[in-house]
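Asks: here is the input, now give the coordinates:
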Amino acid sequence: MSEYSSERADMLETFVKYRIVSNRWSSVPAKNLIYFDRHCSREFPGMQGISQHMVDGWCKQRSTESKRSRVNRCYPVIQLVKYLIERGDHSLQVPEMPSYSKGNHIPHSFSEDELHTFFNECDRRVQTAPDQAKAFRALTVAVLFRLLYSSGMRTTEARLLCPSDVDLENAVINVRETKGDMQHYVALHSDVVNILISYDRVAQRVFQNRSIFFPGKGGGPLSASMLEYEFHKVWDSISTAKAVPYDFRHNYAIMNINAWTNKGFNFYDKLLYLSKSMGHTSLESTKYYYSLSPVMADILDKESSADFDKIVPEVLPYE
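Replies: Sure thing, here's the model as predicted:
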């Protein structure tokens, strides 16, 4: 049975198949497209197809959401409209979305002592948990945070990993549930592989035939708010500095950039590898991390006489 109403089922299913074949689809836009269809049925009962009024009504700013949330909610509908226009539906126009600026959070630069203390505290909470359920939760976040630290993955990518996405035999993660439908692969360090193998064995005993690699309560994925909560339970007990789980991603990029010093490398190739590993849609997004790494200015002066801004354009505001 179709997830969509009969008035739009064929159109929406064809669109989704097209996005899947193009490797540009994931569970988040899929859910929002279903919600859009329900909105159309509720506000325009019995009306066939998609109209501009339906699109504009759905894309209207809600009092309870941020600009960024609005863009994320409307993203699949915007892609649907573009898809229909490309196929000759000239009755539709792509709705305008507001730009939004980056938050004012400055990524925290973790010291070696902070990281050592943080992960020791994660492990201590596993060992001192009052029951098995809490011990498994503590173990899950301890391993997940190590994966974020060592791979540069986005927190959402790690939370939504399926067991089939994690190839421990070849030490590769296939990141499918990702920002902007940018499927990519992440190579794993051997130490992380061993940790994930041990965790996988435990998780299989707790949740047989689980659908999420890092299951939360009931076997579903950990929510973003729960991951944030678990991070601050540990971080706030060891430091007064401001930090968030996403800072592990920033830390990964900066550590890689700093490691390039005096290595005699082709920095453009290294830049490309880092960009692909982190799932950036273009090199523009990767440039942001150079502003956080003073070492990179010296590297660029030494390794290339070209103007860096001619090689890598201005960073996009959303990354």
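Asks: what about the residue of the chain positioned farthest from its centre, is that helix, strand or coil?
Replies: Relative to the centre of the chain, and counting by CA atoms, centre = their mean, the farthest-placed residue is residue 46 at 37.1 Å. With DSSP: H, G, I helix; E, B strand; the rest coil as the basis, residue 46 sits in coil.
Asks: wait, it sits on residue 6?
Replies: No. If you go by CB atoms under 8 Å, residue 46 and residue 6 don't touch, sitting 9.9 Å apart. Any C-beta I mention is one placed from the backbone N, CA and C, and that applies to glycine too.
Asks: do I have it right that residue 76 meets residue 34?
Replies: No. Using CB under 8 Å, residue 76 is not in contact with residue 34; the gap is 9.4 Å.
Asks: looking at those two, which one has more neighbours?
Replies: residue 76 (24 against 15; other CB atoms under 10 Å).
Asks: contacting residues for the more buried one?
Replies: Shown in contact with residue 76 (CB atoms under 8 Å, 6 or more residues apart in numbering): 29-30, 32-33, 36.
Asks: let me know the helix or strand that it is in.
Replies: Assigned by DSSP states H and E, residue 76 belongs to helix 67-86.
Asks: how about the CA coordinates for that helix, as PDB?
Replies: Once non-C-alpha atoms are left out, helix 67-86 reads as follows in PDB (Å, rounded to 0.1, in the frame of the first residue of the first chain):
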ATOM      1  CA  LYS A  67      14.900  29.400   9.400                       C
ATOM      2  CA  ARG A  68      17.100  26.400   9.200                       C
ATOM      3  CA  SER A  69      14.400  24.000  10.300                       C
ATOM      4  CA  ARG A  70      12.100  25.600   7.600                       C
ATOM      5  CA  VAL A  71      14.600  25.000   4.900                       C
ATOM      6  CA  ASN A  72      15.100  21.400   6.000                       C
ATOM      7  CA  ARG A  73      11.400  20.700   6.100                       C
ATOM      8  CA  CYS A  74      10.800  22.300   2.700                       C
ATOM      9  CA  TYR A  75      13.800  20.800   1.000                       C
ATOM     10  CA  PRO A  76      12.100  17.700  -0.600                       C
ATOM     11  CA  VAL A  77       9.200  19.800  -1.800                       C
ATOM     12  CA  ILE A  78      11.500  22.200  -3.500                       C
ATOM     13  CA  GLN A  79      13.300  19.300  -5.200                       C
ATOM     14  CA  LEU A  80       9.900  17.900  -6.200                       C
ATOM     15  CA  VAL A  81       8.900  21.300  -7.800                       C
ATOM     16  CA  LYS A  82      12.200  21.500  -9.700                       C
ATOM     17  CA  TYR A  83      11.600  17.900 -10.900                       C
ATOM     18  CA  LEU A  84       8.200  18.700 -12.100                       C
ATOM     19  CA  ILE A  85       9.200  21.900 -13.800                       C
ATOM     20  CA  GLU A  86      12.100  20.100 -15.600                       C
END
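Asks: perfect, that will be all.
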